[in-house]
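Participant: here's a sequence, model it:
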Amino acid sequence: MSSHNHSREDFHSLLAATTGAEHIYYQPPANVRMIYPCIEYHDQPWVSKFANNKAYNICRHYQVTVIDPMPNNPWIMQLASEIPMCTHSRHYTSDGLNHDVLDIYY
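Facilitator: Predicted coordinates:
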């Protein structure tokens, strides 16, 4: 891991550029009606390394979910293969929608 100064907006742009997705939602409130297929992402605890009581290496962590009525959305493999430090965490189906969850450190 290395220390990055990427903004959340940079990460959003990376998701769009990597997948071509038109509908990307950052921590959407419950009243937002999402359009599928889409990508939803949330902040997760950051990973930091310390020396001399100071963080010298900070890496942001996002939980990214690809949501699609159809299984095997190609965005999943695009993200996993093109973004460093991306792992597929799990797959589940809820309300007729396929959810693939990825952990990305950026």
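Participant: in the helix ranked longest in the chain, which residues are buried?
Facilitator: Across the chain, the longest stretch assigned as helix under DSSP state H is helix 8-19. The neighbour-count criterion (16 or more other Cβ atoms under 10 Å) identifies F11, H12, L14, L15, T18, T19 as the buried residues of helix 8-19. The C-beta positions use only the backbone N, C-alpha and C, and glycine is treated the same way.
Participant: low-confidence ranges, this structure, go.
Facilitator: 1-5 (pLDDT under 70).
Participant: follow-up on the earlier one: packing partners for the longest helix of the chain?
Facilitator: Using 3 or more Cβ pairs under 8 Å, 6 or more residues apart in numbering; DSSP states H and E, the elements in contact with helix 8-19 are strand 24-26, strand 38-51, strand 54-68, helix 74-82.
Participant: which residues touch the residue most central in space within the chain?
Facilitator: The residue lying closest to the centre of the chain (Cα atoms, centre = their mean) is V64, at 2.7 Å. Residues counted as contacts of V64 (Cβ atoms under 8 Å, 6 or more residues apart in numbering) are L15, I39, E40, Y41, L79, V101, L102, D103, I104.
Participant: let's have those in CSV, adding distance to Y92.
Facilitator: As requested, the contacts of V64 are arranged in CSV below (distance: Cβ to Cβ, whole Å):
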residue, distance to Y92
L15, 20
I39, 16
E40, 14
Y41, 17
L79, 17
V101, 8
L102, 13
D103, 15
I104, 18
